[in-house]
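> Give the three-dimensional model of this entry:
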Amino acid sequence: MNDFYYRNLNVYQKSMELVANVYRLSKYFPDEEKFGLSNQIQRAVISVPSNIAEGMGRFSNKERVHFLEIANGSLMEVMCQLEAALLLGYISQEQFDKQELFISETTKMLVGLRKNFEDKSKLV
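I've put the predicted structure just below:
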């Protein structure tokens, strides 16, 4: 039995890629952002796979949906912070566009997984 089956979820794997992407980008933010935007965006991005994992560890579909919603909210937070980084000149338009596409794809996957669990809840 695989106790950590969430690792097999494509959305979890994609969100972990996003973690690596955002950490790499934020590494080049100015030093004065170490405890500001850098810290905030890193906390938000790690929240995405963390909440997916926590949700999959719950026994009810209602709780799973709840944690997937939190993960989605964290994705939106990351998007907002990337927009701020672009505005401040910390990342390029090309870097922003790549991450925006990545986040959009991850969001669609999260919404699909959430719908799956909502549909299962209706069957019970």
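
> residue closest to the middle of this protein?
V48 (3.3 Å; Cα atoms, centre = their mean).

> okay, now D119: neighbour count?
Here the number of neighbours of D119 (other Cβ atoms under 10 Å) works out to 10. All C-beta spots, glycine's among them, are computed from the backbone N, C-alpha and C.

> could you measure it against M56, distance?
16 Å (Cβ to Cβ, to the nearest Å).

> Over to Y6?
From Y6 to M56 the distance is 4 Å (Cβ to Cβ).

> for the longest helix seen in the chain, which positions count as buried?
Ranked by residue count, the top helix of the chain under DSSP state H comes out as helix 93-123. Within helix 93-123, the residues that count as buried by 16 or more other Cβ atoms under 10 Å are Q95, F96, Q99, F102, I103, T106, T107, M109, L110, L113, R114, F117.

> Helices along the chain, start to end?
10-26, 37-56, 61-87, 93-123.

> Would you mind giving the orientation angle of the first one with respect to helix 93-123?
Taking axes from the mean of the first three to the mean of the last three Cα atoms, to 10 degrees, one finds helix 10-26 and helix 93-123 inclined to each other by 150 degrees.

> N61 is in contact with K120, correct?
Yes - using Cβ atoms under 8 Å, K120 is in contact with N61, at 5.1 Å.
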